[in-house]
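[1] 3D, please:
(chains A and B)
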Amino acid sequence: MSGAGACGGPDSGHSPEMPALLPFLAALLLAGVLIWDAAVPVRSFSDTENRRLSQWPAFSVQAVLDGSFMEQYEAYVTDQMPGRDAFIAVKATAQRLLGRRDINGVYFVSGGLIEQHTPESVDLQKAERKTERMLEQAEEISEWIPGKVGLMLVPAADAVRPEVLPAFSRNFDQESWLSGVQETAQERGLTVIDALEALREHAVEELYYATDHHWTTLGAFYGYQAMREAFGLDPADLRMYERRAVSEDFYGTLQAKVNVPMKADRIEIFTRPQEGEHPVRFVYEEREAGSCYFYDRLATRDAYAFFLDGNYPLAEIAGDGPADRSILLIKDSYANCFAPFLTRDYGTVWLLDRRYYRGDVTEAVREYAPTDVLYLYQVFQFIESF
Amino acid sequence: MVFSSLLFLFRFLPVFFLIYFLAPHRAKNLVLFLGSLVFYAWGEPVYVVLLLFSTVSDYGHGLAIGRARRLGKEGAAKALLISSVAVNLLLLGFFKYADFLIGSINAVTGSGIPLLNLPLPIGISFYTFQTMSYTIEVYRQRVPAQRNIIAFGAFVAMFPQLIAGPIVQYRDVEKALRARRVTARGLDEGVRRFCIGLGKKVLLANQAGALFEQFTGWETPERTVLAAWTAMLCFAFQIYFDFSGYSDMASGLGKMMGFAFPENFRYPYTAKSVTEFWRRWHMSLSGWFREYVYIPLGGNRRGIRRQLLNILIVWTLTGLWHGAAWNFLLWGLWFAAFLILEKLWLLKPLSRHPALGHVYTLLAVLGGWVLFSMTEPGTLADCLLAMTGQNGAGLWSNAVLYELYSNGPLLLLMAAGSTPLPAMLGRKIAAAKGGWLAACLWPLLLFALSTAFLVDASYNPFLYFRF
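    Got it, this is the predicted structure:
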């Protein structure tokens, strides 16, 4: 940003040779924008911002007198500004050039973007309430379930790679919060999976998307590895899987927040030898699909919905494991790329998302009678939405 | 409507100027008057009536005063002048100060008079002062009364300076109201000046404002000494770039039409005494008070005691002009105290030590901004405790260090922007070979960047809207 120029005083640089040039160019610029504006159709929705854009307001004398017409018209002009996304990118780039380390709650770090979680952004009492609610529920379930009740709280990227965060930045201490919760969970008989420790061992690898707040399939694999260990199974071996990129041009939520041009992410799937597709049934939508992977989603803005088609109240995946072994995940979106790993060990994998599931969770567990239950959440999504 | 909005830049501005340039000479004042009414009514669809009332009132008063003067009826002329000033002050008093007065009476006497809760009409402090200066000047026979109500309406409602000044006095634009020309030079300077002002407002003031808001939102552990001082520094930058940017835009728009508005700011943060600061800050307001209050009260011609009293009166009024609240009154008195100190003792020693004078002035001004920005007694106390380290938060914490690290270049840019350096640099570049092209393109670059910031702006408040 050449902001220094912005501060020029009353008599900064003239161009006496051609005094008409600047006004002419300025008029051209304005006319150009107006013509451009008239030429592009009115948009109703912004994919980048994921919100409805303002439309022409309804005219009435009342609306003019109380000023609401003017307000809405102004919102309409602002929202429908041609080149809106490009302008936002210009602003973010200018701020970056001036040395800003974060924009819209996202840190710029080497190799990508990391979501910012300041200490004051976390409501500790709320976190405590959610934890207690979850622990009570888990304890009740563990009393009558045949197998294990696992708890895996996945840290957000800033806890796994603290060394790349900007100097002096203050971040919510996920590590100590997690260790407190996990200790209590252990005492109360839950099988705790320490995802933070598991991910930190591989911190240099691509565990999180550079442009999105989710973990990658590789990150989910290390989570799965840690889970097998905690559940007393033989360790999973990365070499057993064939890794295949299904998309090389994934831009996620963090990139949408800062909207600067950057290198796209790759979405991968991991498959075992001779592993086929796993049919999925979305129980409440009464819809079935032949695979956990939804390729048509890759072309959309929400490409992470490639995994299990995004959000749903309850899904059932048919696995390759023994028919009498099943698991029910009480989960958020982090589980969507994680669940396919479980098809190795279970005949059925249930996925239940409390944000959309209307019924009682304990009742659901009774009804589907899984062998094991796993709580799988990202730390902040857990605090926000459990 | 504010200048720093896409609505103004990409709707009002092109449509207005297209009509204005196409209109024949005789119709230009009418276009300006009607355009200004639309501009005003956009934000104040009801209060536009008040503006029209004020226009008609002072138009009539002006004519009558001029006539009485011509006929030698001094008593009538004086009575008419008093009537005109009274109407203006009553308007201002009712819409701006009534609730302040009621609230203060309630607080002192414990009575429960209900507040009126009237929203303040935008720009009322500016246009009442302008129309008062008009009738006073007519009374003093320095300008003839304006017979054409369209021309007079164009003067009062003139949208470039309607809502945030500078306070244009009638004599500044009297000739231009009769005859003015759109010239290539005027357009060039006007566009340039407007873009500079827009950049100051959108690229600097809004960023500084966002930082100030962020700092003042922090909880005590982060409200360290360094954080509190940085916050006030941000406020100082915000208010300067906001207000002077707005004046630049006004001046630029005026130039494009052939008006020359008075300068309102001259690098105030480079001043080496508070006296000098006020010769550089909001010059059109201090000029108004000097001319219509200070000098009529006797100025410095009736002995030092009377002069000090006059300073006190002027600065009480200046404080209250900025807002109907006790903190603005305190703010005015704060500067009155420094001005009196300087008048009595400090000016000489300060002039011998310019560096010291500069530091002292910045501290006095920053202290003034504390009073200005903290509208609640509670927040004022918190702010003072934090700035002096009495709140137990310590000297600094990572919170403020991070913000300084992440925004340091921006703050340095603002500091440089408060000095004549960028203008000097601009002149150097313009004078260099091929520099004319750069001089021509960078205002457009500022305009484009400002547009980008406005498109993204969730944060675009305008500070001087409520004065």
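[2] contacts only, for residue 354.
    No chain specified, so I'll use chain A. Taking C-beta atoms under 8 Å, 6 or more residues apart in numbering or on different chains, we find A:R354 in contact with A:330, A:361, A:385-386. (Each C-beta comes from the backbone N, C-alpha and C, glycine too.)
[3] I was after chain B.
    By C-beta under 8 Å, 6+ apart, the contact set of B:P354 is B:K272.
[4] pull out the buried members of the contacts of A:R354.
    A:330, A:361, A:386 (16 or more other C-beta atoms under 10 Å in any protein chain shown).
[5] right, and the second one touches A:L352 too?
    Yes. With contact defined as C-beta atoms under 8 Å, A:V361 and A:L352 form a contacting pair (6.6 Å).
[6] what touches both of these two?
    Common contacts of A:V361 and A:L352, defined by C-beta under 8 Å, 6+ apart, comprise A:I330.
[7] can you map out the helices along the stretch 251-386 of chain A?
    Using DSSP state H, counting those that start in this stretch, the helices of the stretch 251-386 of chain A run over residues A:253-258, A:339-342, A:361-368, A:379-385.
[8] so in the chain, which helix runs the longest?
    No chain was given, so I picked chain A. helix A:124-144 (DSSP state H).
[9] please go with chain B instead
    The longest helix of chain B (DSSP H) is helix B:225-257.
[10] I'd say A:V122 and A:N171 touch.
    No. A:V122 lies out of contact with A:N171 (C-beta under 8 Å); the separation is 10.1 Å.
[11] among the helices of the stretch 251-386 of chain A, which comes closest to chain B?
    Among these, the nearest to chain B by C-beta to the nearest C-beta is helix A:253-258 (10.7 Å).
[12] that closest one close to chain B?
    No. Taking C-beta under 8 Å from any C-beta of the partner chain as the criterion, helix A:253-258 and chain B are apart, separated by no less than 10.7 Å.
[13] tell me what that helix is packed against?
    strand A:106-109, strand A:112-115 (3 or more C-beta pairs under 8 Å, 6 or more residues apart in numbering or on different chains; DSSP states H and E).
[14] give me the contacts around the longest strand along chain A.
    Secondary structure of chain A per DSSP state E: the longest strand is strand A:242-250. Strand A:242-250 has contacts (C-beta under 8 Å, 6+ apart) with A:209, A:211-212, A:217-218, A:264-273, A:293, A:295, A:298, A:303-304, A:306.
[15] repeat for stretch B:115-130
    For stretch B:115-130, the external contacting residues (C-beta under 8 Å, 6+ apart) are B:40, B:43-44, B:47, B:50-51, B:54, B:88-89, B:91-92, B:94-96, B:98-99, B:102-103, B:155-157, B:161-165, B:167-170, B:285, B:288, B:321, B:465-467.
[16] run the last query once more with 6 Å
    Residues outside stretch B:115-130 that contact it (C-beta atoms under 6 Å, 6 or more residues apart in numbering or on different chains): B:43-44, B:47, B:50, B:88, B:91-92, B:95-96, B:98-99, B:102, B:156, B:162-163, B:165, B:167, B:288, B:466-467.
[17] redo the helices and strands packed on helix A:253-258 as CSV? Include distance to B:D382, mean pLDDT and mean neighbour count.
    Output for these, formatted as CSV (distance: least, C-beta to C-beta, whole Å; pLDDT from 0 to 100; neighbours: other C-beta atoms under 10 Å in any protein chain shown):
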stretch, distance to B:D382, mean pLDDT, mean neighbour count
strand A:106-109, 30, 94, 21
strand A:112-115, 31, 95, 23
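[18] chain B is nearest to which of those strands?
    Once the helices and strands packed on helix A:253-258 are compared by C-beta to the nearest C-beta, strand A:106-109 is nearest, at 9.6 Å.
[19] now that closest one: how far from the chain's centre is it?
    15 Å (C-alpha atoms, centre = their mean, to the nearest Å).
[20] got it, and stretch B:431-440?
    Offset of stretch B:431-440 from its chain centre (C-alpha atoms, centre = their mean): 32 Å.
[21] the closest residue in space to B:G319 that isn't next to it in sequence: what's it in contact with?
    Leaving out its chain neighbours, the residue that sits closest to B:G319 by C-beta to C-beta, 6 or more residues apart in numbering or on different chains is B:G332, at 2.0 Å. Residues in contact with B:G332, defined by C-beta under 6 Å, 6+ apart, are B:315-316, B:318-319.
[22] which residues does B:H61 contact?
    B:H61 makes contacts with B:80, B:84, B:135, as judged by C-beta under 6 Å, 6+ apart.
[23] okay, it: pLDDT?
    Reported pLDDT at B:H61 in the predicted model: 97.
[24] do the same with B:I122
    As predicted, B:I122 sits at a pLDDT of 87.
[25] that one: neighbour count?
    When counting by other C-beta atoms under 10 Å in any protein chain shown, one arrives at 23 neighbours for B:I122.
[26] please report how far it lies from B:E44.
    Per C-beta to C-beta, to the nearest Å, B:I122 is found 5 Å from B:E44.
[27] does the closest residue to A:D372 other than its chain neighbours count as helix, strand or coil?
    Closest residue to A:D372 apart from its sequence neighbours, by C-beta to C-beta, 6+ apart: A:G147 at 3.9 Å. With DSSP: H, G, I helix; E, B strand; the rest coil as the basis, A:G147 sits in coil.
[28] next: A:D37.
    helix.
[29] got a pLDDT number for it?
    Confidence score, pLDDT, at A:D37: 88.
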